[in-house]
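Engineer: Got a predicted structure here, sequence first:
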Amino acid sequence: MTATDWDGHDAARVLRRPTADDDKYSRGVVGVRTGSARYPGAAVLGVEAAWRTGTGMVRYLGPARAQDLVLQRRPETVTADGRVQAWLMGSGTDAAERDAAETAALRGILRGDLPVVVDAGALDLVPAAIAPVIVTPHARELDRLRDALGLPQAATDDRERIARETADAFGGVVLSKGAVTVVAAAGGWVRRVSAGTPWLATAGTGDVLGGVLGALAAGSIAAGRTGLDDLAACAATAAWLHGRAGAVASLAAGEGGGPITALDVAGALPRVVAELLRDSIA
């Protein structure tokens, strides 16, 4: 089976323009447990991206230093526990440095029924998860996840099969990052996303992707779209928005495109979302 391409028309169907009847809860609330004393910037980037994608609220629950930086950048962020519709965890963390209390908190979320976007330092907890899980590994992280799931290592030139097999193993969604991103859900749903620019290969852009996906997942749950294929569509749309925002940010640097930072990508998201919504009703 060969994956079909996910494009802007597909992505537009996942987005929802808010109406006069909406409030911050109906638009989606994403809970974020990311960042660490060593990598506090990951928290800032993920939170920034979630806001810029159009979520109704971000709740950030993380280390004090990261929380201070998040509030300096985005003072509208809520830092008290409470109602959420989806979670983002693991960006900017290292499982080897995670303490027992944080491990227990993450495991508690993964034993719930809300969707969880799992990145980087929390991927080791996925095999025991009960919640609907979307993982966002790069190639080396995917190898480690497969090992934890008891799956054999496979040739990297068969990324679609690897992603499908991995998704089936834990019953969730795999977003396999790369120049071409592959998204697969347990049961056979698989798509390829090619939007983007090589300038996205820079530190922090994966943290931005996590924030975009967390916002879309929360919005999907708030809108009543709760199936695994719905979450897979959110993952493919996040990859498309992220890639398009990277391209827009790069072209803003000059003709032919130029270097970008992760915050540049997050900053371009509102324009990309607005253009996608505009084109969908044109």
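Structural biologist: That came through, no problem.
Engineer: ok, which stretches of the stretch 51-200 of the chain are helices?
Structural biologist: Using DSSP state H, counting those that start in this stretch, the helices found in the stretch 51-200 of the chain span residues 64-73, 100-110, 139-148, 159-170.
Engineer: any idea which of these is most buried?
Structural biologist: helix 159-170 (a mean of 21; mean count of other C-beta atoms under 10 Å). C-beta: built from backbone N, CA, C; applies to glycine.
Engineer: Which other helices and strands does it contact?
Structural biologist: Contacts defined by 3 or more C-beta pairs under 8 Å, 6 or more residues apart in numbering; DSSP states H and E place helix 159-170 against strand 133-135, helix 139-148, strand 173-176, strand 181-185, strand 190-193.
Engineer: roughly how far out does the first one sit from the chain middle?
Structural biologist: Centroid separation between strand 133-135 and its chain, computed with C-alpha atoms, centre = their mean, to the nearest Å, is 9 Å.
Engineer: Determine the set of other helices and strands touching it.
Structural biologist: Contact partners of strand 133-135 among helices and strands, from 3+ C-beta pairs under 8 Å, 6+ apart: strand 116-118, helix 159-170, strand 173-176, helix 228-252.
Engineer: Each with direction, which strands does it pair with?
Structural biologist: Strand 133-135 sits in its sheet next to strand 116-118 (parallel), strand 173-176 (parallel), going by DSSP bridges.
Engineer: Please identify which of these is closest to A239.
Structural biologist: Closest approach to A239 among the strands paired with strand 133-135 (C-beta to C-beta): strand 173-176, 6.3 Å.
Engineer: pLDDT of that closest one, averaged?
Structural biologist: Averaging pLDDT along strand 173-176 yields 98.
Engineer: V118 contacts I134, doesn't it?
Structural biologist: Yes - applying C-beta atoms under 8 Å as the test, V118 and I134 come out as touching, 7.0 Å apart.
Engineer: how far away is L213 from V14?
Structural biologist: 11 Å (C-beta to C-beta, to the nearest Å).
Engineer: what does A120 give?
Structural biologist: Applying C-beta to C-beta, the value for A120 to V14 is 24 Å.
Engineer: returning to that earlier point: okay, the strands paired with strand 133-135, which one's buried deepest?
Structural biologist: It is strand 116-118: most buried of those by mean count of other C-beta under 10 Å, with a mean of 31.
Engineer: who touches it?
Structural biologist: Contact with strand 116-118 is made by 86-90, 109-110, 125-126, 129, 131-136, 210, 213-214, 217, as judged by C-beta atoms under 8 Å, 6 or more residues apart in numbering.
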